[in-house]
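Asks: Need a 3D model of the following:
(3 chains)
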Amino acid sequence: MACRYLSHRGTSGSATTTECWPSFRELLWDLVRRIPAGKVSTYGALAEAMGDRGAARAVGAELSGNPTPPDPPCHRVVYADGGIGWYGGRGRGAEEKERLLRSEGVEVSQGRVDLSRHLFSDFRCRPFLTEMREEQDAVASAVTNGGAEPALVSAMDVSYRGDEAFAARVDFLLDSGEETGHRLHRRRVDLPYIPGYLSYREGPALLPLMEDDGRLHLVDGHGLLHPRRAGIACHLGVRGHRCAGAAKSLLCGVLSDESVLVDGEERGRMTGGYYVSVGSNVTLDQACEALERLLDIGIDPCRRAHRLASDFKRSS
DNA sequence: GCGACAG
DNA sequence: ATCTTGTCGC
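Replies: Have a look, this model is predicted:
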């Protein structure tokens, strides 16, 4: 199956990521512990060991939360140019980081480590981010357009507190705009936000809320308007649900009139302040018309879902 | 130097 | 996304 990360366990209906993918956090700290004293690595190198250099910022964000420094030796992780970087977060502690490195035999001059002498790069690690990209290619090829005109629309969003996700879905009748109900779901997440991998962070929290009764699900994020045509709306859509993405900003593509083009191809459309793109089982026209219809009668379903998820978190 | 990326 | 103070507009 193309979506291991969303696979169900038995008949319980629960879907987890941990069954299929390693934990970003655990894997990262394992890697950091392998850097010997006297050596350093870089944020990008650690990200690359896990399969994508683009996750370098997520690596830095996780390392900045080291609860017991200097035990997992996050001070041995520096910038790609040898710059010392921060220690303890928010621009603080470069001196302490430099002192620790010097005490371990790392030469620091002009505020920089000579990476040609001190770079450790003997990481052997499952490149799971690469595997996720490969899965995204399979997801993209499974996307389908079309279906009957939707009469029901549900908007979905997720709010966070630490590694806990609070997901919400709000339902509307398309013709009257009447709000007919909502569903909530709370769960732990174990992947940080990494551009291009949003579906692996938020998908597991949203999937249990989806319903295969012909309704169109509008998800906060992109569908085909993604570097590998596999945004979160596609991941959820290829599970058999009708799904489109509605995002507030672009991940890729250029705006040309109302269309968003990638390599000259229309992958999405800007309407009502949202970038809309197909997830699966719906056409771009249908998704845009549904959103426009609700906006026209004064209802912003995405904002409603955002507030519901936010309220759900606050009251939990 | 430029560009900088859903949530 | 979240954090957090201040500020603007209805």
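
Asks: what helix or strand is the residue of the stretch 101-250 of chain A found nearest DNA strand C on?
Replies: Taking CB to the nearest atom of the strand as the measure, the point where the stretch 101-250 of chain A comes nearest DNA strand C is A:Ser159, at 3.7 Å. (Glycine included, C-beta is placed from N, CA and C.) Applying DSSP states H and E as the criterion places A:Ser159 in strand A:152-161.

Asks: quick revisit: please work out how many residues are found near the residue of the stretch 101-250 of chain A closest to DNA strand C.
Replies: Applying the criterion other CB atoms under 10 Å, we find 21 residues in the vicinity of A:Ser159.

Asks: what's the answer for A:Glu265, then?
Replies: Applying other CB under 10 Å, we find 11 other residues in the vicinity of A:Glu265.

Asks: residue ranges of the helices in chain A, please?
Replies: Along chain A, counting by DSSP state H, helices occupy A:24-34, A:43-49, A:56-63, A:94-103, A:115-118, A:128-141, A:198-206, A:232-237, A:284-296, A:301-314.

Asks: my guess is A:Leu174 contacts A:Ser154, does it?
Replies: No: proximity of A:Leu174 to A:Ser154 does not meet the contact threshold set by CB atoms under 8 Å, at 10.6 Å.

Asks: Looking at the two, which one has more neighbours?
Replies: With neighbours defined as other CB under 10 Å, A:Leu174 and A:Ser154 compare such that A:Ser154 has more, 28 against 18.

Asks: check contacts around the more buried one.
Replies: With contacts taken as CB atoms under 8 Å, 6 or more residues apart in numbering, A:Ser154 has the following neighbours: A:Arg169, A:Val170, A:Asp171, A:Phe172, A:Glu211, A:Arg215, A:Leu216, A:His217, A:Leu218, A:Pro301.

Asks: quick one, phi/psi of the fifth one?
Replies: The main-chain torsion angles of A:Glu211 are listed as degrees, to the nearest 10 and equal phi -140, psi 130.

Asks: Hmm, A:His241 and it touching each other?
Replies: Yes: with contact defined as CB under 8 Å, A:Glu211 and A:His241 form a contacting pair (7.5 Å).

Asks: These two: which is more packed in?
Replies: A direct count of neighbours by other CB under 10 Å for A:Glu211 and A:His241 places A:His241 higher, at 24 against 14.

Asks: Okay, that one and A:Cys20: tell me how far apart.
Replies: In this structure, A:His241 and A:Cys20 are separated by 20 Å, where distance is defined by CB to CB, to the nearest Å.

Asks: same thing with A:Ala37?
Replies: Separation of A:Ala37 from A:Cys20 (CB to CB) stands at 35 Å.

Asks: pLDDT wise, what is A:Gly147 at?
Replies: At A:Gly147, the pLDDT value in this model is 92.

Asks: what does A:Gly177 give?
Replies: The score at A:Gly177 is 96. That number is its pLDDT.

Asks: For the stretch 151-300 of chain A, list the residues in contact with DNA strand B, please.
Replies: A:157-158, A:192-193, A:195-199, A:220-222, A:226, A:231-233, A:245, A:247-251 (CB under 7 Å from any atom of the strand).

Asks: related to what we said a few turns ago, among the contacts of A:Ser154, which one has the most neighbours?
Replies: Taking other CB under 10 Å to define a neighbour, the member of the contacts of A:Ser154 with the most is A:Leu218, carrying 31 neighbours.

Asks: what's the neighbour count on A:Arg34?
Replies: By the other CB under 10 Å criterion, the neighbourhood of A:Arg34 contains 17 residues.

Asks: got the contact list for it?
Replies: Taking CB under 8 Å, 6+ apart as the criterion, A:Arg34 is in contact with A:Phe120, A:Asp122, A:Phe123.

Asks: what's the closest of those to A:Leu28?
Replies: Compare each of the contacts of A:Arg34 with A:Leu28 using CB to CB and the shortest gap goes to A:Phe123, at 10.8 Å.

Asks: List the contacts of A:Met210.
Replies: In this structure, A:Met210 makes contact with A:Met156, A:Arg169, A:His217, A:Leu236, A:Arg239, A:His241, A:Cys243, judged by CB under 8 Å, 6+ apart.

Asks: so what's the first one bridging to?
Replies: Read it as A:Met156. In this structure, A:Met156 has the following beta-bridge partners (DSSP bridges): A:Arg169, A:Val219.

Asks: thought A:Ser23 was touching A:Val189?
Replies: No: under the criterion of CB under 8 Å, A:Ser23 lies out of contact with A:Val189, with a separation of 10.4 Å.

Asks: So which of these two has more stuff around it?
Replies: For A:Ser23 versus A:Val189, neighbours defined as other CB under 10 Å are more numerous around A:Val189 (20 against 14).
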